[in-house]
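*Asks:* got a sequence here, can you model it:
(chains A, B, C, D, E and F, ligands or ions: 6)
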Amino acid sequence: MEMHDAKRIEIMIEQIMEKRLTDLLIENGVSGFSVLPVRGGSGRSGQWSRQGQISRAEGMSAVVCLIKPERLDVLLDVILPVLERHIGVVNITDAKILRAERF
Amino acid sequence: MEMHDAKRIEIMIEQIMEKRLTDLLIENGVSGFSVLPVRGGSGRSGQWSRQGQISRAEGMSAVVCLIKPERLDVLLDVILPVLERHIGVVNITDAKILRAERF
Amino acid sequence: MEMHDAKRIEIMIEQIMEKRLTDLLIENGVSGFSVLPVRGGSGRSGQWSRQGQISRAEGMSAVVCLIKPERLDVLLDVILPVLERHIGVVNITDAKILRAERF
Amino acid sequence: MDTILSLAAQNLLSPIILSFALGVAAALAKSDLNFPEAVAKGMSLYLLFAIGFKGGASIADHGVDGQLIASLVVGVMLSFLLPIIAFGLLRTITRLSVLDAAAVAAHYGSISIVTFVAGSSILEAQGIGFEGYMVAVAAAMEAPAIISALWLISVKGGGEARGMDAGLMREIMLNGSIVLLIGSFAIGWITGKEGLAEISPFITDPFKGVLCLFLLDMGLVAGRGLARAGGAVSGRAIVFGVVMPLIGASLGLASAWLLGLSVGGAALMMVLSASASYIAVPAAMRVALPEANPAIYLTLSLGVTFPFNLTLGIPLYVALASAVIGG
Amino acid sequence: MDTILSLAAQNLLSPIILSFALGVAAALAKSDLNFPEAVAKGMSLYLLFAIGFKGGASIADHGVDGQLIASLVVGVMLSFLLPIIAFGLLRTITRLSVLDAAAVAAHYGSISIVTFVAGSSILEAQGIGFEGYMVAVAAAMEAPAIISALWLISVKGGGEARGMDAGLMREIMLNGSIVLLIGSFAIGWITGKEGLAEISPFITDPFKGVLCLFLLDMGLVAGRGLARAGGAVSGRAIVFGVVMPLIGASLGLASAWLLGLSVGGAALMMVLSASASYIAVPAAMRVALPEANPAIYLTLSLGVTFPFNLTLGIPLYVALASAVIGG
Amino acid sequence: MDTILSLAAQNLLSPIILSFALGVAAALAKSDLNFPEAVAKGMSLYLLFAIGFKGGASIADHGVDGQLIASLVVGVMLSFLLPIIAFGLLRTITRLSVLDAAAVAAHYGSISIVTFVAGSSILEAQGIGFEGYMVAVAAAMEAPAIISALWLISVKGGGEARGMDAGLMREIMLNGSIVLLIGSFAIGWITGKEGLAEISPFITDPFKGVLCLFLLDMGLVAGRGLARAGGAVSGRAIVFGVVMPLIGASLGLASAWLLGLSVGGAALMMVLSASASYIAVPAAMRVALPEANPAIYLTLSLGVTFPFNLTLGIPLYVALASAVIGG
Ligand SMILES: Nc1ncnc2c1ncn2[C@@H]1O[C@H](COP(=O)(O)O)[C@@H](O)[C@H]1O
Ligand SMILES: Nc1ncnc2c1ncn2[C@@H]1O[C@H](COP(=O)(O)O)[C@@H](O)[C@H]1O
Ligand SMILES: Nc1ncnc2c1ncn2[C@@H]1O[C@H](COP(=O)(O)O)[C@@H](O)[C@H]1O
Ligand code: NA
Ligand code: NA
Ligand code: NA
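*Replies:* Ligands and ions are numbered 1, 2, ... in the order given. So this is what the prediction gives:
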């Protein structure tokens, strides 16, 4: 089984900023990512939950992005300005991927 | 790009125990986590799905928690008693985080 | 705190193939996994979102599966044929798990 | 006898029962028909709100009598008592552990609000009136059974029950269904006939149709549970799932007779005693008795007793209530 | 001609079409207006249940005649035949590969239940009756086209179709929409006029309003698809998306004439033949022909043919049916 | 005075207010009662569609007069002006930073469509008519306040506001609620009385009932916000949350008088001016002023002003409008 090194970047981001982030990713050639709903959480700005909410203002998404290790720095340079003044967190783990021709 | 070591703890837990877990996290000073919905799964207690359900009794959440490596043991000591008699799993991966001042 | 080595496999797969994949996992003795909804994403086949959709045709799930490292190859052999002609990605990270008796 | 059969036949061919049957059939045939979780939850909130409100409005209309308090007290007593009978029966005829038997017993002492809703729909279709406060009795009967079950374990020593701490107690008493049922009951009572008139096109007219769709979903869930449960539940346990509601219904009938309830009220008291919880109690059990096997209690309550009550039980209870109280 | 124009105008200015247009406009303007997936799915379950039930109840009322079987058989034959015509047309006028052409063809042989619902709403608004069993014909026409398409590929060799294995076959025949449509049709048939009366305030009165909201959502989805598809679909393919429904409708009209259907029945047979699937077939294609490009078949069926039928097609078909059958 | 009190009492005991109160009580008691996000969103889409459509249909019925344009212009002016007053008041009586004060001010210049819906329900219950185009005024008043607030920051220098770029501007103008409200208003206008008749069983009959459930959910959200906000909001800020709507309502009344609106129209203009946004503006603030603290503006608008308007405010405004305009 051939596996290739990759980085798994997981960005917890305000839903209201999600489109801005993914537009930027695509603009910068990062065309692979998945968006998972986040139902609630807690951070420096307190605890929250999406139950019964109707506005997009409160609520977060997890954007998971697998990329080649050598592209990590470029990616971070691109996304950090979007995140800077906003709440949320970013974590990066080492991963292996199959079918590397897709990245 | 400055990155800091962290641990990513992912706890798959029964929804009915979720609040107990997150209350405990906050009580013990772990104020950062995100809760993702889990739509179905399988484990020793069989396969399940949330489709069409109305009760919270069956159903799980994934609580993702990023912390400084040195706090891992404290965290595990705190959460294990809650999980002990319940179904679910915990996994921990090494991660890098940005903006470490937030943790 | 005793922790055990494990692999965390995260499979982003078309919803329509999800049951085929999980059936196969169970058939091959991988009885532990969790399915998380994916709300949208982007890849080689373009960008998509589940908002307002009613069909299962467009839409993906993330199947997260924790297994003992020595079983990874068997698992990949089993799942790859299902994924082969379909869109989606697989990533594998090293993880630690608690309560290894469950795996 | 004749009436029972014709009542049962009429009930079996009503849209709500056929919708449930469709759900079970679709699930057993492994169709991918399913309701999103949010829609199922939305329908259950609607049903609880509507049934509570209408109960309250009918009290406002007919006034309260001494029976209200008496009925509440008797309901609570039944809910405490039934788990003990259920536990004894389970330990006698099945091989369930103390822990599993107690968990199952808790379900049968508590009630199924959907069975109650179906029962009152059938009464209405037959033009049989009932005391509006039966909704309040239903709410009162949700929780006591849980305490009985935990007490049984502490006495019989079947494992370590996470004691009934204050947190769990509050969680049970303030669980969403009870709060919504009691709350809308109060709103119906306060706003009375006028309040009902304002929102009747929402809570009365489409009620039965929503109930059909909801029971379709219940059928899907029950059918999938049955298909999945497979070996988890023994033949003897299934016998329990049919006999226990009959015992419950008998006690309910006796209580109704003592209380002097109307035919409809008696039938509903029987329905409440005969039905088994599958929303509030399973959730409480996951917290208080996590080692008890959910496959057993959910299969019995949702897969055996719920369909039994829905199809044969309710018409039987209505016929018996008519014979004993009405006759 | 006059009637067609006035019918089309009247149709274009009805709340349901304007709701669809609002959705398309909002999507093209990149508004963030959207429906949660669960709500969209809930509305589609409601529409299927209601349309099936009403169809069944109308059969119970008017009785079955020999036409029912004949219509079902003809419907199935049309669904087998139309993909072959569509495939030929696509290979002639566009440059689609065998694989993509076959996948698109499967969609046009199958049907769009929402187009059917819209068609029957328009007939009702104009006081034109139709055979209740047309709902059953709709269900029967969902699947055969998929088999035709897979057969085309095996003959024309456009790639390796994951053979029509038993699992896929069952999945198609038992997909949620078919089961719900046939199931509620059966319930409506069994419970008849009385059943309908019981739940009519739920399935009849608010039906059109729900349809408006649902079409608003369909408009949003179609509009987003159009915006996104961009280059994926050629001008010639778009021509196909308008011409093919007209061919389908003609065959539907001829069939209806042979079957001796009423004006309304004929119009609905045309609507079924003219409409293209965007729920059942796309899902089947993702399993059977994963290499076929979804952007092509979804854009054509949901972005071109669906709006065409909804706005111009249906009034045209009604007018033609009136002229040919009614005249 | 008498009328005000009796109006307030009557309002406080209506099902919609009691439902809201039930939600707040359940949240404060930490019940786990909650609505899934998708259901809450579904209900809000329904309410927007219904209120927009009915407004449009009533215009089609009564025709447009010069007042429509005048009212829109005045509404936009109020929405620009109110944040400046709110900002001044906040900086005088509270210790909020420029940034937080501007963010709060933006909410009070904009409007709460649910408060508007509740206001029109109350008017209808009392048989008081109003101008159908008030819905359009509501939509026009959503956005200008945001521009005022950003302008305040650029003048007062309270931090770096992410300038009002074209993207954000379009996002605000085309946010889902505005598009749905204006869109369904247009559809109602175009299809008129006939369109309304077609879908009235969906958008009129069950409207109040849906509003009850929706306000129940709003109560839950507001109650949880209050419980959570704890120290975030000072006593003086709470005073602002009650005084500001009174100031807004006074300006609304004056404007209505100048415009020559009917009693009902004047009451609704007061409601719009008095109410504070909690859907569109918070979302815009998260983009434009991410450093402003959401706990402050959400607690004030949803936790203080919304309940105040719903319970005491609206009956007061109706009474004042009757006295000043009607007298
Ligand atoms: N340490 C963490 N681990 C996981 N998720 C986090 C963490 N910190 C913050 N989050 C998520 O990011 C959101 C905003 O965090 P904050 O910016 O700290 O208010 C929280 O509500 C969580 O959903
Ligand atoms: N190995 C695993 N990988 C991922 N999720 C798991 C695994 N085992 C269990 N789970 C999740 O935890 C739930 C309960 O597991 P169990 O305690 O084994 O019954 C399952 O239904 C899954 O959602
Ligand atoms: N690099 C990636 N990182 C995360 N998710 C991805 C990535 N590439 C693809 N995906 C997910 O897989 C889906 C199909 O990808 P593709 O096969 O490239 O069209 C996308 O819509 C995403 O949800
Ligand atoms: Na019981
Ligand atoms: Na067709
Ligand atoms: Na305002």
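*Asks:* parallel or antiparallel, which strands does the helix or strand where residue A:47 lies pair with?
*Replies:* Using DSSP states H and E, residue A:47 sits within strand A:46-49. Strand pairing for strand A:46-49, using DSSP bridges, gives strand A:40-43 (antiparallel).
*Asks:* for residue D:278, which residues are in contact?
*Replies:* B:55, D:107, D:112, D:298, D:301, D:302, D:306 (C-beta atoms under 8 Å, 6 or more residues apart in numbering or on different chains). No exception for glycine: its C-beta is placed from N, CA and C like everyone else's.
*Asks:* and which of the residues you listed is nearest to ligand 2?
*Replies:* Nearest to ligand 2 among the contacts of residue D:278, counting by C-beta to the nearest ligand atom, is residue D:298 at 14.3 Å.
*Asks:* OK, contacts around the closest one?
*Replies:* Taking C-beta under 8 Å, 6+ apart, we find residue D:298 in contact with B:57, B:58, D:225, D:229, D:278, D:282.
*Asks:* the residue nearest to residue D:53 when sequence neighbours are not counted and chain A: what is the separation?
*Replies:* Once flanking residues are discounted, residue D:53 sits nearest to residue D:188: 3.9 Å by C-beta to C-beta, 6 or more residues apart in numbering or on different chains. As for residue D:188, its distance to chain A is 22 Å (criterion: C-beta to the nearest C-beta, to the nearest Å).
*Asks:* surely residue D:188 is within a strand?
*Replies:* No - with DSSP: H, G, I helix; E, B strand; the rest coil as the criterion, residue D:188 is located in helix rather than a strand.
*Asks:* that one: neighbour count?
*Replies:* For residue D:188, the tally of surrounding residues (other C-beta atoms under 10 Å in any protein chain shown) stands at 31.
*Asks:* contacting residues for it?
*Replies:* D:52, D:53, D:54, D:55, D:56, D:57, D:58, D:59, D:60, D:195, D:196.
*Asks:* give me the subset of these lying in strands.
*Replies:* Using DSSP state E, no member of the contacts of residue D:188 falls in strands.
*Asks:* most surrounded residue in those?
*Replies:* residue D:53 (31 neighbours).
*Asks:* so that residue touches residue D:189, yeah?
*Replies:* No - using C-beta atoms under 8 Å as the test, residue D:53 is too far from residue D:189 to be in contact (9.1 Å).
*Asks:* residue ranges for the helices of the stretch 201-327 of chain D, please.
*Replies:* Listed in chain order, the helices of the stretch 201-327 of chain D (DSSP state H, counting those that start in this stretch) span D:207-229, D:235-259, D:263-274, D:280-288, D:294-298, D:306-308, D:314-321.
*Asks:* among the ones you listed, which is nearest ligand 3?
*Replies:* helix D:207-229 (27.7 Å).
*Asks:* touching chain E at all, the closest one?
*Replies:* Yes - interface with chain E: helix D:207-229 contributes D:207, D:208, D:209, D:210, D:212, D:213, D:216 (C-beta under 8 Å from any C-beta of the partner chain).
*Asks:* can you put those residues in a markdown table and add pLDDT?
*Replies:* Converted to a markdown table, these look like this (pLDDT from 0 to 100):
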| residue | pLDDT |
| --- | --- |
| D:207 | 96 |
| D:208 | 95 |
| D:209 | 97 |
| D:210 | 97 |
| D:212 | 97 |
| D:213 | 97 |
| D:216 | 96 |
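*Asks:* from the stretch 1-150 of chain D, which residue is nearest to ligand 3?
*Replies:* residue D:36 (20.1 Å).
*Asks:* nearest spatial neighbour of that residue, skipping sequence neighbours?
*Replies:* residue E:38 (3.7 Å).
*Asks:* dump the contacts of residue D:278 into a markdown table; add pLDDT as well.
*Replies:* Listed next are the contacts of residue D:278 as a markdown table, based on pLDDT from 0 to 100:
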| residue | pLDDT |
| --- | --- |
| B:55 | 74 |
| D:107 | 97 |
| D:112 | 96 |
| D:298 | 91 |
| D:301 | 95 |
| D:302 | 93 |
| D:306 | 97 |
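*Asks:* so which of the residues you listed is the most crowded?
*Replies:* residue D:107 leads these on contacts (other C-beta under 10 Å) with 32 neighbours.
*Asks:* packing partners of the helix or strand that one falls within?
*Replies:* Taking DSSP H and E as the definition, residue D:107 sits inside helix D:98-109. Packed against helix D:98-109 by the contact rule (3 or more C-beta pairs under 8 Å, 6 or more residues apart in numbering or on different chains; DSSP states H and E) you find helix D:66-93, helix D:144-156, helix D:235-259, helix D:280-288, helix D:294-298.
*Asks:* need the residues of helix D:207-229 next to chain E in CSV with distance to chain B and neighbour count, can you?
*Replies:* Shown next, in CSV, are the residues of helix D:207-229 next to chain E (distance: C-beta to the nearest C-beta, whole Å; neighbours: other C-beta atoms under 10 Å in any protein chain shown):
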residue, distance to chain B, neighbour count
D:207, 17, 23
D:208, 19, 21
D:209, 18, 25
D:210, 13, 19
D:212, 15, 27
D:213, 11, 26
D:216, 9, 29
